[in-house]
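> I'd like to go over a predicted model; first the sequence, then the structure.
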Amino acid sequence: MLFYKKKYPLILITIMGIALIIVVFSFNHFNSLYERIHHINFDNQTVYLIQRGTTGKLGNIAKDFNIKNKYASHIGIGFIHNNKLSIYHVYVDKNQKNNNLYIESLEEFIQPEDINYLCVWRLQEINPQKFESIKKSLIQSEKENILFDFIFKEDNNNYYCSEFVAKKLEESGVHIMKNNTKPISGIAKQALDRDTLTYFPVDGFENSRQINKIFEWIK
């Protein structure tokens, strides 16, 4: 009995020690990311695409539909406003306005606790007219009731994250988001009522010559 009394506190201390190490490790990683993003040089009149990756269930499902990128699960589009990057992105959870469009700073965009990836891309060869067109389209979207596209079809007024980015670029004549077709099965097939899914992958632009990676962080 004395053996167990001595053993259990030791096990408890070990578990608490491991948990503390994990917390400190995660905190240091987040601090490292937070510090690093403040060293990114952003330019005015420039359009940026911002990818993030998370380790939760939704994030892992999204990664399965990427072409090559093993980490990205979400994407937004943004520009510099009042000396800060404003990121427009459509997310599955509704916001305080009861729709699915978020306008966030980069600091807010990296808030998910399970974030493990961040990548920032700069759109190249965008003249002032196209920049203003994209910016105007994004600002206009704030006045629209944008909802998440759970059926992943282009013929409705709802969007998933990469579809929103693709459409906002296409409206201004920028066609860098390539769609992809993939066979689906199981629950996805039942829910969407079709055998294949044609969609815009989160990494569907990465081979374009009009885009340049300026920052990447992998946890």
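Received it, and whenever you're ready, just let me know what you need. Numbering: from 1, shown residues only.
> only C-alpha atoms for contact and neighbour calcs from this point on.
OK.
> mind showing which ranges of this structure have poor pLDDT?
Applying pLDDT under 70 to the chain flags residues 1-31.
> Would you state the strands of it in chain order?
Counting by DSSP state E, one finds strands in the chain at the ranges 48-54, 74-81, 84-90, 101-104, 115-123, 180-183, 196-199, 211-218.
> Flag every buried residue along the second one.
In other words, strand 74-81. 74, 75, 76, 77, 78, 79, 80 (16 or more other CA atoms under 10 Å).
> For residue 190, state which of these is nearest.
Checking the buried residues of strand 74-81 against residue 190 by CA to CA gives residue 74 as the nearest, at 23.6 Å.
> Cross-check the contact I'm expecting between the closest one and residue 49.
No. Checked against CA atoms under 8 Å, the pair residue 74 and residue 49 is beyond contact range at 10.5 Å.
> re the thing from before, with distance to residue 153 added, can I get the strands of the chain in TSV?
Formatted as TSV, the strands of the chain follow (distance: least, CA to CA, whole Å):
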stretch	distance to residue 153
strand 48-54	22
strand 74-81	18
strand 84-90	15
strand 101-104	18
strand 115-123	26
strand 180-183	12
strand 196-199	8
strand 211-218	26
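> Tell me which of those sits nearest to residue 162.
Among those, strand 74-81 sits nearest to residue 162 (CA to CA), with 6.0 Å.
> Can you give the distance of that closest one from its chain's centre?
10 Å (CA atoms, centre = their mean, to the nearest Å).
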